[in-house]
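> Provide a 3D model corresponding to the input given below.
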Amino acid sequence: MDLTVVAYVIYLVVSIGLTVWVARTLSRNGRIFIADVLQGNEKLAEAVNHLLVVGFYLVNIGFVTLYLRSADTILEARGLFEALSVKLGVVLLVLGVMHLGNVWVLNRMRRRGIMERQAPQLPPVPPLPPQGWTAPAGA
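The predicted structure follows:
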């Protein structure tokens, strides 16, 4: 009996389930972080959080569907588990890399915002008077 279709179904269900779980977890726990990055602007933080979740879904579910195809025919339970472990392992690694990339970018934005808030506010500098004149072109 060919178990390839069974492997496809299990792979899709588990991969999409993991993607939804990770996206919801990141969204729920990332709201406070994004609000801090955006200096307390709750509406903007909610919009950015929603856009990040949509992008996360698009990239990860797109990857899961592109990575579905298998060149090997799976004929036994051992092959089924081996194929699923490789495919799900790669999906988990992609989810982890996506998460770390998001956290890295948001942390950079947060650090920049903190530095801007802590920088001393200098008074505006008036323009300097000209120090000399240049000859007109062609003179």
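> Next, work out how far apart residue 39 and residue 21 are.
Distance from residue 39 to residue 21, counting by Cβ to Cβ, to the nearest Å: 30 Å. Heads up, the C-betas are built off the backbone N, CA and C, glycines and all.
> Repeat that for residue 40.
29 Å.
> go on, residue 75?
31 Å.
> Also residue 96?
Counting by Cβ to Cβ - residue 96 and residue 21 are separated by 13 Å.
> residues of stretch 105-121 that come out buried?
106, 110 (16 or more other Cβ atoms under 10 Å).
> pLDDT of it, averaged?
When pLDDT is averaged over stretch 105-121, the result is 79.
> Quickly find the element holding the residue most central in space within the chain.
Centroid-nearest residue in the chain: residue 102, 3.8 Å away (criterion: Cα atoms, centre = their mean). Here residue 102 sits within helix 77-118, counting by DSSP states H and E.
> helices or strands up against that helix?
Counting contacts by 3 or more Cβ pairs under 8 Å, 6 or more residues apart in numbering; DSSP states H and E, helix 77-118 packs against helix 4-37, helix 42-66.
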